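>>> using only what follows, build the 3D model:
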Amino acid sequence: MRLTANLIVISIISLLVGFSVRYYYHAQVLTQQSTQVMNALNMLKDEVVYRSHLAKVEQKKNIVIRYIEAGWFREGLPYNQLVGHVRPWIDLAPPNDYSTEPPDPIIVSDLQAGIWYNPSNQIFRARIKPQSTKKKTLALYNKINQVTLVSLNNTFNVSRMPIAMNRPVDDVIAASANMTLIQEQNVIMPDVIYGSNVQMSHQDWQVAQEVEALQGDVSAPQRIKLDDLRLNRKTQKTE
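Model prediction:
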């Protein structure tokens, strides 16, 4: 009987120790990732300020930095480590939007970038994934973005929907956080996924859509290189 009781006590202690270690490890990882995200935002802010001043000196007038070039950074475009490498682009606020927060700060879709940028006021914000509670979600967002919001909600406002950088020059496509509407939109993934610094033309994207339809794979365009698209288009013209 005593042996059984001892075994139960040992099991409980082991579970508590294991839980404590796991909790501590998770907290440490979250802290490290949060620090990385704050550093990434600072790098982006500093670079935009530098490029703005540089452009002002060269062109003798104030210049709005609307796009962030990966080539400006030695290790590539800073990203949001809290959401991983799968979102290596930046969403842009539409023109004439002077808000300080994205309309969709909480990530609920693969179509949302980890970082949002408003060129109108040169503000960057890092999106976050939902935490275990709304309170923790808000606290994490406030921490990494160094803000003091009292609430955090995704809203669908067509006029404020972010635009994935870069997009076809003759299309304005929104990357909506509303899951029901995402399926109805022709969302453009940024060309940084293609490994190219060249903005895709509308024709190239149309080819990508055709290839996607033929393969029946929703992720197909993300794996097609820009050169392959151009070759495909050239072949179609020849035929």
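>>> neighbours around Ala93, how many?
24 (other Cβ atoms under 10 Å). Any C-beta I mention is one placed from the backbone N, CA and C, and that applies to glycine too.
>>> tell me the pLDDT at it?
Ala93 carries a pLDDT value of 90.
>>> just the one 10 residues further on next, same as before
Here the pLDDT value assigned to Pro103 is 92.
>>> OK, contacts around it?
154-157, 160-162, 177 (Cβ atoms under 8 Å, 6 or more residues apart in numbering).
>>> in terms of model confidence, name the weakest of these.
Ranked by pLDDT, the contacts of Pro103 bottom out at Ala177, which has 31.
>>> one step back: quick one: which of the contacts of Pro103 is nearest Asn42?
Pro162 (21.0 Å; Cβ to Cβ).
>>> quick one: the closest one from Pro102, how far?
6 Å (Cβ to Cβ, to the nearest Å).
>>> overlap in contacts of these two?
91, 93, 116.
>>> which of the contacts of Pro103 fall in helices?
Among the contacts of Pro103, no member falls in helices (DSSP state H).
>>> sorry, back to before: is it possible to export the shared contacts of Pro162 and Pro102 to JSON lines including secondary structure and distance to Ile106?
Shown next, in JSON lines, are the shared contacts of Pro162 and Pro102 (DSSP: H, G, I helix; E, B strand; the rest coil; distance: Cβ to Cβ, whole Å):
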{"residue": "Asp91", "secondary structure": "strand", "distance to Ile106": "13"}
{"residue": "Ala93", "secondary structure": "coil", "distance to Ile106": "17"}
{"residue": "Trp116", "secondary structure": "strand", "distance to Ile106": "12"}
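>>> columns distance to Thr137 on top of those residues, output as TSV?
Output for these, formatted as TSV (distance: Cβ to Cβ, whole Å):
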residue	distance to Thr137
Asp91	19
Ala93	21
Trp116	16
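>>> and which of the residues you listed is nearest Gly76?
Using Cβ to Cβ, those come closest to Gly76 at Asp91, 17.4 Å.
>>> touching, that closest one and Pro162? I think so.
Yes: counting by Cβ atoms under 8 Å, Pro162 is a contact partner of Asp91 at 3.6 Å.
>>> spit out the residues that contact these two alike.
102, 112-113, 116, 175.
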